[in-house]
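A.B. asks: fold the following, please.
(2 chains)
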Amino acid sequence: MNSNNKSTETYYESIIKQGHSRRDFMKFAAFIAAYMGLESTMVAQVANALETTKRLPVIWEHFQECTCCSESFIRSDHPIVADIILDKISLDYTLTLMAASGHQAEAAKHKTMEENKGEYILCVEGSVPLGDDGNYCCIAGRSAKDILLEAAEGAKAIIAWGSCASSGCVQSAKPNPTNATPIHKIIKNKPIIRVPGCPPIGEVMAGIIVHVVTFGRLPELDRQGRPKAFYAKRVHDSCYRRPYFDAGLFAETFDDQNAKDGYCLYKVGCKGPLTYNSCGTIKWNNGVSYPIQSGHGCIGCSEDGFWDFGPFYERATNIPGVEGEGIADDVGKVAAGVLAGGIAVHAVAAAISKRKEVKRRITRGKENEKNIES
Amino acid sequence: METKNFKRVMVWELPVRIFHWVNVLALLVLIITGFIIADPPALMSSQEATNLHYFGYVRFIHFVAAYVFFFVMILRLYWVFAGNRFSSWRAFWPFRKKFWRNFWHVMKIDIMLQNEKVEDVTKISIGHNSVAKLSYIAMFFLAVIMVITGFGLYADMSTWWLPKMFDWVVPFFGGDYLVRTIHHVCMWFFIFFAMVHVYLVLYHDWLEGRGEVSSMFAGYKFVRGERLRDEDKVEDIDPL
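C.D. replies: Just a heads-up that it's a prediction; the model follows:
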């Protein structure tokens, strides 16, 4: 618990102390600048910032989640920042990695919060259950909501890692029994970066932290609070299978020849056209692959409420609010059929009800026909 | 038997007719390409993707038709202020006693198929009847929803300021999924509307013989002579 040490150490010093070489460090700076969408001339600024900036104190809270965000973070392409943040964070507070436990751990957290009031970054993994007085998720005898409110109080900014913290993810899927709530719906008075994805891409997570360190402010966010650099484009628009989509070549099932040939997965339910993320460009596991490249459609994990979007393996339009078989086109076809029937009935009824009027007109018309003179 | 005397009246001016038929064409193209985009048919081809652009063209046609749909809508909106008594906003203003008198008349005579004991020519609509007007008002708002959701989905793929004006739509609805669903579900209402609309036009043409169908081609309808002033001028009647 050496908290004096950390306040004087820069990122660079921590990185070197961890045993990484300067060359590793520069490579990381170049990669992360590229991921962040910066010009190559700004690599020096990134490196310089990491060399001179004191490490930001970070409190990393875990609530209703599966820790896949942390797992993704430590598997990023160049996990230097993940290394130091998660290693050093254990000096501050993170349930999963810290050596301390029990009262010691809680004391360390409170010390960090007091010493760095208004300075520390609060990272949140997981949603907060508000149902039943928040009793569905308790840590150290306190509810997740209490802990979040306390930690958010002195935070400079909050990063909501993953779909749980930024939209609720699976635990907030209908019927949402614990009333799982994303962070931005609870905390209103702090800047919040939403980093959706289940999990978010490790490089995206590192890129956001490096951005905060380099520029001393939050990255540019879109209207939904997501960093524009990573969430401005649909997976579909950066997908390497896009030419198959434009050609109209689709896999019809997962085991047909088209699927083997790597055709577009649109018709087997790929949600890439509806999902904003960088999977198509940054990819996963050191740029090895991403779901579509591995032959599985995108499930839209970085979109709000993606669990309630209907089937993952079908391209269907559900009617909002209608459960189960509420497929819009089926309902539409039935309704059109009923309507056509109604029209036919109306036409027959009209012919019967208006028969006198029609007959009168026909007679009159025929009479006129006889009287044509020239 | 006395033959009724009819006068020819210009009801649908050229911009209204242009709007109507361009709109029909755009809607047809939009619905067909929309269905293809929603659920593309399997393409039997051994060609490489490099040499094919079929689905790209379908989408392109959909987007072009969408622009056409949008621009004729603007034309019609202009004509709401410049057009004659039958196409003016005044004709669509529902907060009038006569509007609802005509509404109940149409409901009774044309929807419930009752027969009038004594014919009252002033109850017969020359332009739109009130039930039709209400349906067009509803379709206008539905078209606005289609434009908003459609351009909202399209905004991200465009660099032009017009679609970019709609880039608030997807964040507003919280994601593409709901926007696409609304776009798709609302499309069905255009199909329902078209079915009823075409049927009722044919019904009126058949029953009344006043040129209901041909009026949308040439613009004229036939109006009973006693409804016009002696000087053959259209009287200052309520635009029904």
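A.B. asks: and the strands in the chain?
C.D. replies: You didn't pick a chain, so chain A it is. A:58-62, A:93-94, A:121-125, A:128-129, A:138-139, A:142-143, A:157-161, A:180-181, A:192-195 (DSSP state E).
A.B. asks: that was the other one, I meant chain B.
C.D. replies: If DSSP E is used as the criterion, the strands of chain B fall at B:6-10, B:220-224.
A.B. asks: the last one close to chain A?
C.D. replies: It refers to strand B:220-224. No - figure legend: strand B:220-224 not in contact with chain A (C-beta under 8 Å from any C-beta of the partner chain); closest approach 12.7 Å. C-betas here are computed from N, CA, C, even on glycine.
A.B. asks: that strand pairs with which strands, and in what direction?
C.D. replies: strand B:6-10 (antiparallel) (DSSP bridges).
A.B. asks: average pLDDT across the partner strand?
C.D. replies: Mean pLDDT, computed over strand B:6-10, is 86.
A.B. asks: about what we covered before: which among the strands of chain A is found nearest to chain B?
C.D. replies: Judged by C-beta to the nearest C-beta, the one of the strands of chain A that comes nearest to chain B is strand A:192-195, at 11.5 Å.
A.B. asks: using JSON lines, lay out the strands of chain B together with mean neighbour count.
C.D. replies: Formatted as JSON lines, the strands of chain B follow (neighbours: other C-beta atoms under 10 Å in any protein chain shown):
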{"stretch": "strand B:6-10", "mean neighbour count": "15"}
{"stretch": "strand B:220-224", "mean neighbour count": "19"}
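A.B. asks: just put those in TSV and tack on distance to A:Lys283.
C.D. replies: Below are the strands of chain B laid out as TSV (distance: least, C-beta to C-beta, whole Å):
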stretch	distance to A:Lys283
strand B:6-10	65
strand B:220-224	65
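A.B. asks: tell me how far the residue most central in space within chain B lies from B:Phe222.
C.D. replies: Using C-alpha atoms, centre = their mean, the residue of chain B that lies closest to the mean C-alpha position is B:Tyr136, 6.0 Å off. Distance, B:Tyr136 to B:Phe222, by C-beta to C-beta, to the nearest Å: 22 Å.
A.B. asks: what about the helices in chain B?
C.D. replies: B:14-38, B:54-82, B:89-92, B:97-106, B:130-155, B:161-164, B:169-173, B:176-208, B:212-218 (DSSP state H).
A.B. asks: hang on, A:Phe230 packs against A:Asn277?
C.D. replies: Yes - using C-beta atoms under 8 Å, A:Phe230 is in contact with A:Asn277, at 7.3 Å.
A.B. asks: which residues do the two both contact?
C.D. replies: Residues touching both A:Phe230 and A:Asn277 (C-beta atoms under 8 Å, 6 or more residues apart in numbering or on different chains): A:Ile201.
A.B. asks: could you chop chain A up by domain?
C.D. replies: Per automatic domain parsing, the domain ranges recorded for chain A read A:3-231, A:236-308, A:328-370.
A.B. asks: any chance of those in CSV, plus mean pLDDT, mean neighbour count and distance to B:Val196?
C.D. replies: Formatted as CSV, the domains of chain A follow (pLDDT from 0 to 100; neighbours: other C-beta atoms under 10 Å in any protein chain shown; distance: least, C-beta to C-beta, whole Å):
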stretch, mean pLDDT, mean neighbour count, distance to B:Val196
domain A:3-231, 84, 19, 35
domain A:236-308, 91, 20, 32
domain A:328-370, 89, 13, 7
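A.B. asks: distance to chain B for those domains - can I get that in a markdown table?
C.D. replies: Shown next, in a markdown table, are the domains of chain A (distance: least, C-beta to the nearest C-beta, whole Å):
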| stretch | distance to chain B |
| --- | --- |
| domain A:3-231 | 4 |
| domain A:236-308 | 4 |
| domain A:328-370 | 4 |
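A.B. asks: could you list the low-pLDDT ranges of chain B?
C.D. replies: B:1-3, B:230-240 (pLDDT under 70).
A.B. asks: residues in contact with the residue nearest to the centre of chain B?
C.D. replies: Neighbours of B:Tyr136 in contact, by C-beta under 8 Å, 6+ apart: B:Phe92, B:His128.
A.B. asks: if you set the cut-off to 10 Å instead, what comes out?
C.D. replies: B:Arg76, B:Ala91, B:Phe92, B:His128, B:Ala143, B:Phe193, B:His197 (C-beta atoms under 10 Å, 6 or more residues apart in numbering or on different chains).
A.B. asks: mind putting the residues you listed into a markdown table with neighbour count and distance to B:His183?
C.D. replies: Converted to a markdown table, the contacts of B:Tyr136 look like this (neighbours: other C-beta atoms under 10 Å in any protein chain shown; distance: C-beta to C-beta, whole Å):
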| residue | neighbour count | distance to B:His183 |
| --- | --- | --- |
| B:Arg76 | 21 | 21 |
| B:Ala91 | 21 | 30 |
| B:Phe92 | 17 | 25 |
| B:His128 | 20 | 27 |
| B:Ala143 | 19 | 12 |
| B:Phe193 | 16 | 16 |
| B:His197 | 15 | 21 |
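A.B. asks: nearest to A:Gly162 among the residues you listed?
C.D. replies: Of all the contacts of B:Tyr136, B:Ala143 has the smallest distance to A:Gly162: 39.3 Å, by C-beta to C-beta.
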